[in-house]
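# fold the following, please.
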Amino acid sequence: MSRDAKVLIFDPRPDDPPSFVAYLADGEVQLHFELGFGYDPAGAQPDVLRPALEAAGVIPPEDSIDDMLGADEEVPKSEQRRRVLKVVGEYFGLSLPHQTIVSGRLPAVVTRRHPPASW
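Okay, the predicted model is just below:
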């Protein structure tokens, strides 16, 4: 990845969990975490989204007993993904206005013209 590029990936992976978020900048991974098997972020800034994710109820507060025992009431996966998308969008200043989604043209980037040989 170029040092001048910033890349944000949120892959909900509904058919092949876990979902994950990755943020790359300055030529390296700044943040990477998966959802659904605890919260174990990695990268140069692993805790950059922790306060917002805790406030949104996606993850329990750091050093919480829920980290070890599990929350009393688990948030459904679809709601968890929605909350993560909201946190990521707000933190990075991203938005997809409803009207643009419904009747507009969304930007797209082609990253591959043919499927990988492993498919």
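# show me the strands in this protein, by range?
6-11, 20-25, 28-34 (DSSP state E).
# what's in contact with the longest one?
By C-beta atoms under 8 Å, 6 or more residues apart in numbering, the surrounding residues in contact with strand 28-34 are 18-24, 39-46, 48-49. Any C-beta I mention is one placed from the backbone N, CA and C, and that applies to glycine too.
# again, but for stretch 80-88
8, 10, 12, 19, 21, 35-36, 49, 52-53, 56-58, 75, 94.
# ok, now with 10 Å
8-10, 12-14, 19-21, 23, 31, 33, 35-36, 49, 51-59, 74-76, 94, 96 (C-beta atoms under 10 Å, 6 or more residues apart in numbering).
# quick one on the thing from earlier: of the strands of the chain, which is nearest S64?
Across those, the minimum distance to S64, taken as C-beta to C-beta, is reached by strand 28-34, at 16.6 Å.
# flag every buried residue along the longest helix anywhere in the chain.
Secondary structure of the chain read by DSSP state H shows that its longest helix is helix 77-92. Of all the residues in helix 77-92, those buried under the rule 16 or more other C-beta atoms under 10 Å are Q80, R81, R83, V84, L85, V87, V88.
# quick check: mean pLDDT of stretch 44-53?
Average pLDDT, stretch 44-53: 94.
# report the distance from that stretch to the chain centre.
In terms of C-alpha atoms, centre = their mean, to the nearest Å, the gap separating the centre of stretch 44-53 from the centre of its chain is 11 Å.
# list the buried ones in it?
Neighbour counts over stretch 44-53 (16+ other C-beta under 10 Å) mark P46, L49, R50, A52, L53 as buried.
# what about the closest residue to the first one other than its chain neighbours, neighbour count?
Nearest in space to P46, with sequence neighbours left out and distances taken as C-beta to C-beta, 6 or more residues apart in numbering, is L31 at 6.2 Å. One way to gauge burial is a neighbour count; for L31, by other C-beta atoms under 10 Å, it gives 21.
# low pLDDT regions in this structure?
When the per-residue scores of the chain are filtered using pLDDT under 70, the ranges that remain are 1-3, 65-73, 119.
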